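>>> I need the structure of the sequence given here:
(2 chains, ligands or ions: 1)
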Amino acid sequence: MRMLTCEEVLANLSNYFDGECSAELRAQLEDHISKCRRCRVVFDSTGKMLKILVDVEPFEVPLVVSARLYSRLQKVLSEE
Amino acid sequence: MTEASQGRKPEDAAEEDLRLIERVLGGDRQAFEALVRSHERRVFRVTLAVLGQVEDAEDAMQETFIKAYRHLKQFRRESRFTTWLTRIAVNEALQRRQSRKDYLPLDESSSAQQQKFPRRFEPWAADPENLYTKQELRELVEKAIRSLSGIYREALILCDVEGMSAKEAAEVLGVNVAALKSRLLRARLMMRDALSASLEQSRPLARRVVDTAAEVKNMMGMMVMRVARRQG
Ligand SMILES: [Zn+2]
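This next block holds a predicted model:
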C-alpha cells in the first residue's frame, strides 16, 4: 500500500469524516495517521471538534427575539 | 442534529412536522406555532450564519416563518420540512446580505482569512468536553464561529451543525459542490485552530496536574502532622 503524503491526507480530511471515501482510501488514511503524529493530532482534534459542534447546540434565540417573532406571527396570521 | 439532542429521533421529528403541517393546512394556527417552536432555533442559527448580525438574523427569521406559512401548501413531501424551511431561511438571509450596502463578497483566492493548512499540532485533551461546562463550551464555540467570515461560517453551520450534506448545502447556498467543500475544509481547519488554545491537552491538564501535586503535598503534610500529634 502506497503511503499517502501529509498533503493528500489533509485534502481528504472532510471526505474521511463525511464518510465519502472508499474502503481503500480509508485504510490508507488510517495507516498514515497511525504513523504520522501531526496528521494524527489534526484528525483526532477535528473529530472531537465536529462532535462538540453538535453537542453544544450553538446560538440560542435570545428571549426578546423569540417573543417578537411570536407576536409578529400572531399579528400576521390573524390578518391572513 | 437539534431534534436528536432534544431526545427525538430525526425521523420522529419529521413525522411530527407532517402531522402539524396537516393541521395548519386545515386552519389550525396553534399548530403553526408548535411548528415554529421546534424550528426557530435552527432558522435563527442559519440566518445568523449567513448575516452575522443578530438584528438582521431576526428580520430574516420573521420573514422566513411568514413565507413558510404562506407557502405551506407548496411544501412537497419528498423532501423533509426541515430542508424546505432551511432553504427559505438561507434565501431570505442571502437576499438581505446582497442588499446590504456594506456587504463585500469575499474573494476566496485573495482572502487574507483563507487557511489551507492547520497551524497547531498539540494533541487535544482525551475528553475535551469534560474541561468546561456545556455553557462555557458553547461560548467558546460561538466565539470561534463568529471569528469566521461569512462563506466559511455558513458552510460550517449548515454542514456541521445542521447536518446537511455538502451537496445540499451547496444547493441552498447557490454555489458549486467543489467550492462548498473547499470552504468547509477551511472552515473546519480554522475552527479547529481557534478552539485548540482552549482544548489542547497541555494547558488544562497541566493545570490539573499542578493542582493534583499540590493536593497530594497538602494531604501528606496533614498526614505527617496528625501522626506527629498522635505520637506526641
Ligand atoms: Zn502526515
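>>> C-alpha only now, for contacts and for neighbours.
Fine.
>>> quick check: which element contains the residue sitting nearest the centre point of chain A?
Taking Cα atoms, centre = their mean, the centroid of chain A lies closest to A:L50, which sits 4.1 Å from it. Element membership for A:L50 (DSSP states H and E) is helix A:37-55.
>>> for that helix, C-alpha coordinates in PDB please.
Extracted in PDB, the C-alpha atoms of helix A:37-55 (Å, rounded to 0.1, in the frame of the first residue of the first chain):
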ATOM      1  CA  ARG A  37       1.900  12.300  14.700                       C
ATOM      2  CA  ARG A  38       0.900  15.700  13.100                       C
ATOM      3  CA  CYS A  39      -1.800  14.200  11.000                       C
ATOM      4  CA  ARG A  40      -3.000  12.100  13.900                       C
ATOM      5  CA  VAL A  41      -3.400  15.200  16.000                       C
ATOM      6  CA  VAL A  42      -5.200  17.100  13.200                       C
ATOM      7  CA  PHE A  43      -7.600  14.200  12.600                       C
ATOM      8  CA  ASP A  44      -8.200  13.400  16.300                       C
ATOM      9  CA  SER A  45      -8.900  17.000  17.200                       C
ATOM     10  CA  THR A  46     -11.100  17.600  14.100                       C
ATOM     11  CA  GLY A  47     -13.200  14.600  15.100                       C
ATOM     12  CA  LYS A  48     -13.600  16.000  18.600                       C
ATOM     13  CA  MET A  49     -14.400  19.500  17.200                       C
ATOM     14  CA  LEU A  50     -17.200  18.000  15.000                       C
ATOM     15  CA  LYS A  51     -18.700  16.200  17.900                       C
ATOM     16  CA  ILE A  52     -18.600  19.400  20.100                       C
ATOM     17  CA  LEU A  53     -20.300  21.500  17.300                       C
ATOM     18  CA  VAL A  54     -23.300  19.200  17.500                       C
ATOM     19  CA  ASP A  55     -23.300  18.700  21.300                       C
END
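>>> and chain B, is the helix or strand following it touching that?
Per DSSP H and E, the first helix or strand lying C-terminal to helix A:37-55 is helix A:63-79. Yes. Helix A:63-79 is in contact with chain B by Cα under 8 Å from any Cα of the partner chain, via A:V65, A:S66, A:L69, A:Y70, A:R72, A:L73, A:V76, A:L77.
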